[in-house]
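Trainee: got a predicted structure here, sequence first:
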Amino acid sequence: MNTPKHATYSYFPGCSLMATNKAYDLSTKNVARALGIEMVELGDWNCCGATAYMAIHEKRSFILSARNLAMAEKEGRDLITVCNGCYVVLRKANRYMAEHPKLSTEIQQALAAGGMSYEGTVRVRHFLDVVVNDLGETAIRQLVTRPLAGLKVAPYYGCQIGRPFGEIDDEEDPQMMDKLVGWLGAEAVPFPLKAKCCGGMMMTTHPEIGRQLTGKVLKNAKDGGADCVITACPLCQINLEAYQGKAGEAVNANCKIPVLYFTQLIGAAFGLSAKELALKTSFTPVNAMLKQELQGLDERSAGLEALTAIKRVSANEITGGAMRQANSNLARAAGTLEVPRSTLQYRLAKLRGPTSGSSADE
């Protein structure tokens, strides 16, 4: 793969990607490498302060985020993350420090106690934003080696990535992953609940509510005809994938559907291996679903290769090996391209040259 070169970022993985969501971390790094995005993991990073701190003591969460921002500033790079929760808290800390002098002073005092300071020069980016809005359609399509034609995808954004500022996408009807799915050759299905809450931490604090919310999202995706769901949030991914049985019971519906990170879908279209994308770590049959889809694509590709040989290679140019390969693809070519096998056999016979009793013309 001819890898382009783009910007270099300080990479903030966040707590989830070091524990329950390692597949997101691995697939992100391998897709970034394919895209030419250099991500250097932020040294000595700490929790961004999402979830517990944000619910209990907002200022403390900002101080935690500000420490990460200060380290990124010292490294001289913008900060990139793939966790929606981390993205929101880091973005809020950055913006609130710029807009609220009193809060900024208090945060700077806390940083100073650790021998640090922050001048506010770091831009916080989400990996999805960089891929879609910086690199764009042409860059993505150029790297697709296995277009996901026929795959129907429900892009689930969750309730955070477009909020609270609505700067990188529409808050109620986000489109970044919808566009990306199309660039990869797949189809984004209608999905009205794509920006609604999946239940988040309520799956542990108020599970009866969390299961209802997760079940509604999964049912909505299936009702839209999706073969799979993709997400950009590690917490959403866990809720949508790990609780499908209980969520289905809560909404009285079959909620079984493969769930994967958007980076895994990109990697599959780029031709990366299941190991590079950590597909086998999924609770839902993601690997089997993609294998089946890609096998169908490979069969169609084999059929197209057979027809290409039939149409373009003369009897004098085709080698014995190429002839045998084209012949072995006859059944798949006939099946996937809806061409009668007898027609293909006739055309292959023409490639071998005139024989007794045959016409020299097609």
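Mentor: Okay, I see it.
Trainee: assumed residue 71 was part of a helix.
Mentor: Yes. Using DSSP: H, G, I helix; E, B strand; the rest coil, the secondary structure at residue 71 is a helix.
Trainee: ok, residues contacting stretch 241-254?
Mentor: 203, 207-208, 210-212, 214-216, 218-219, 222, 239, 255-257, 259, 282-284 (CB atoms under 8 Å, 6 or more residues apart in numbering). (C-beta placed from N, C-alpha, C; glycine too.)
Trainee: swap the cut-off to 7 Å and go again
Mentor: With CB atoms under 7 Å, 6 or more residues apart in numbering as the test, stretch 241-254 has contacts from 203, 211-212, 214-216, 218-219, 255-256, 259, 282-284.
Trainee: quick one: terminal-to-terminal distance for it?
Mentor: 13 Å (CA to CA, to the nearest Å).
Trainee: for that stretch, buried residues please.
Mentor: Within stretch 241-254, the residues that count as buried by 16 or more other CB atoms under 10 Å are 241, 242, 243, 244, 246, 247, 248, 250, 251, 253.
Trainee: picking up where we left off before, which pair of the contacts of stretch 241-254 spans the longest distance?
Mentor: Farthest-apart pair in the contacts of stretch 241-254 is 212 and 282; separation 23.6 Å (CB to CB).
Trainee: more crowded one of these two?
Mentor: residue 282 (21 against 16; other CB atoms under 10 Å).
Trainee: what segments of the stretch 51-200 of the chain are helices?
Mentor: With helices called from DSSP state H, counting those that start in this stretch, the stretch 51-200 of the chain shows them at 52-56, 58-75, 84-99, 101-112, 127-129, 136-143, 176-183.
Trainee: among those, which is nearest residue 234?
Mentor: helix 84-99 (7.9 Å).
Trainee: next, the buried residues of the closest one.
Mentor: 84-94, 96-97.
Trainee: repeat for stretch 284-293
Mentor: 284, 286, 287, 289, 290, 293.
Trainee: okay, the residues you listed in JSON lines with secondary structure, distance to residue 187 and pLDDT next?
Mentor: Formatted as JSON lines, these follow (DSSP: H, G, I helix; E, B strand; the rest coil; distance: CB to CB, whole Å; pLDDT from 0 to 100):
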{"residue": "284", "secondary structure": "coil", "distance to residue 187": "20", "pLDDT": "81"}
{"residue": "286", "secondary structure": "helix", "distance to residue 187": "18", "pLDDT": "81"}
{"residue": "287", "secondary structure": "helix", "distance to residue 187": "21", "pLDDT": "77"}
{"residue": "289", "secondary structure": "helix", "distance to residue 187": "15", "pLDDT": "81"}
{"residue": "290", "secondary structure": "helix", "distance to residue 187": "15", "pLDDT": "81"}
{"residue": "293", "secondary structure": "helix", "distance to residue 187": "12", "pLDDT": "67"}
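Trainee: could those residues go into CSV alongside distance to residue 148?
Mentor: Formatted as CSV, those follow (distance: CB to CB, whole Å):
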residue, distance to residue 148
284, 17
286, 13
287, 15
289, 11
290, 8
293, 7
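Trainee: nearest to residue 125, of those?
Mentor: Using CB to CB, the buried residues of stretch 284-293 come closest to residue 125 at residue 286, 26.4 Å.
Trainee: who wins for proximity to residue 23 among the helices of the stretch 51-200 of the chain?
Mentor: Nearest of those (CB to CB): helix 127-129, 14.4 Å.
Trainee: tell me the mean pLDDT over the closest one?
Mentor: Helix 127-129 carries an average pLDDT of 97.
Trainee: again with stretch 144-154
Mentor: 95.
Trainee: gap between the two ends of that stretch?
Mentor: Stretch 144-154 end-to-end distance (CA to CA) = 20 Å.
Trainee: buried residues, that stretch. List them.
Mentor: 144, 146, 148, 151, 152, 153, 154.
Trainee: which ones are touching the first one?
Mentor: Contacts of residue 144 were listed using CB under 7 Å, 6+ apart, and they are 184, 185, 269, 270.
Trainee: could you provide the contacts of stretch 241-254 in TSV, with additional columns for distance to residue 139 and secondary structure?
Mentor: Below are the contacts of stretch 241-254 laid out as TSV (distance: CB to CB, whole Å; DSSP: H, G, I helix; E, B strand; the rest coil):
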residue	distance to residue 139	secondary structure
203	36	helix
211	40	helix
212	40	helix
214	34	helix
215	37	helix
216	35	helix
218	32	helix
219	35	helix
255	35	coil
256	35	coil
259	26	strand
282	27	coil
283	32	coil
284	30	coil
